[in-house]
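**Q** Coordinates for the following, if possible.
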Amino acid sequence: MSIEVYLNANGDNLRFPVCPAEVGKSINADISGEKIIKRGTVNIFNGSEPDSISLSGFFPDASATYGFIDVKGQDPYGYVNKIEKWCKSGERLRYIVTGTPINLPVKVSHFEYKEKDGSGDVYFVVELKEDADINIPEWSPTPVSGNPSNPVANKVYSRPRNNVDLGRLKVKPGKVHTVKHGEYLYLIAQKYYGNGKLYRKISQHPENLKRYPKLKNSNVIYSNWKLVIP
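**A** Okay, the predicted model is just below:
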């Protein structure tokens, strides 16, 4: 089966004049080892990583007459300059291999080339990384438990509740605050700073992130947590 390999940009496309000896992609997963007491190391799946592609081959000299050349009479450094430009600019491309399911957005992560036999052919290695679209899901707070003894996450409100007079709660910062049942970051920030919108000063404080790593990705806090108030 004859295949064609393309890197396509917006109106600036490249078809490899000689099909690389190997085409495909590498599928990757993020697996970390975590130690558990009396169990040892277990593997944790943290999600998928971008697919990677490595292509190697050569761009033939414009005068080359090899029978396997798909696109003849082109200056090999025209291809080199184009890929180098894409690599340095972070241009989003589409990697396509005809006759296969491979068709995905990528960026050039590494490119090298050289001449080595005096033929005028330019040998290359180009590495690509998948550039998938990023979809950030909306976050919604976890409801407050009705049972104070149940350690359910305290709800994070985007605005103060009507039955709480936050203006009277301002306290001088510079201490450790023990989270009480029903409290949330906005309320605590209002209490110490007079402005609930400053809650990130608390959630992103290095000491709090060290104690409670969940704060890196969530604004949910729990009763009895001890938060440094900077």
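**Q** how does the protein divide into domains?
**A** For the chain, the TED database gives the domain ranges 4-130, 175-229.
**Q** Next, the residues that contact the top helix by length along the chain from outside, please.
**A** When the chain is scanned for its longest helix (criterion: DSSP state H), the result is helix 76-89. Helix 76-89 is contacted from outside by 7, 9, 12, 14, 16-17, 58-62, 91, 93, 107-111, 113, 120-122, 124, 126, using CB atoms under 8 Å, 6 or more residues apart in numbering. C-beta coordinates here come from the backbone N, C-alpha and C atoms, glycine included.
**Q** mind listing the helices for this protein?
**A** Under DSSP H, the chain gives helices at 76-89, 185-193, 199-203, 206-211.
**Q** Find the nearest non-adjacent residue to Glu207, please.
**A** Val228 (4.6 Å; CB to CB, 6 or more residues apart in numbering).
**Q** What residues are bridge-paired with the one you found?
**A** In this structure, Val228 bridges to Val176 when assessed by DSSP bridges.
**Q** Repeat that for Arg94.
**A** Beta-bridge partners for Arg94, by DSSP bridges, are Asn8, Pro105.
**Q** that older thread, and for the residue nearest to Glu207, the neighbour number?
**A** Val228 has 16 neighbouring residues, counting by other CB atoms under 10 Å.
**Q** and the angle for the longest strand seen in the chain with helix 76-89?
**A** Identified as the longest strand of the chain according to DSSP state E is strand 40-59. Angle, strand 40-59 to helix 76-89, by axes from the mean of the first three to the mean of the last three CA atoms, to 10 degrees: 150 degrees.
**Q** Within the sheet, what are the partner strands of strand 40-59, with directions?
**A** As assigned by DSSP bridges, strand 40-59 forms pairs with strand 26-36 (antiparallel), strand 122-130 (antiparallel).
**Q** okay but the residue nearest to Glu207 is in contact with Lys210, surely?
**A** No - Val228 is not in contact with Lys210 according to CB atoms under 8 Å; the separation is 9.7 Å.
**Q** How about the residue of the chain most remote from its centre: what's its closest non-neighbour residue?
**A** In the chain, counting by CA atoms, centre = their mean, Thr65 sits farthest out from the average C-alpha position, at 44.2 Å. Among residues not flanking Thr65 along the chain, Lys72 sits closest, at 7.7 Å (CB to CB, 6+ apart).
**Q** how close does that neighbour sit to Asn13?
**A** Separation of Lys72 from Asn13 (CB to CB, to the nearest Å) stands at 17 Å.
**Q** pLDDT weak spots in this structure?
**A** The chain contains residues with pLDDT under 70 at 1, 136-174.
**Q** still on that earlier bit, quick one, phi psi at the residue nearest to Thr65?
**A** Torsion angles at Lys72 (phi, psi; degrees, to the nearest 10) stand at phi -100, psi 160.
**Q** now swap in Gly24 and tell me
**A** Backbone geometry at Gly24, expressed as degrees, to the nearest 10, gives phi 160, psi -160.
**Q** I figured it hits Ile102, correct?
**A** Yes - if you go by CB under 8 Å, Gly24 and Ile102 touch, sitting 7.2 Å apart.
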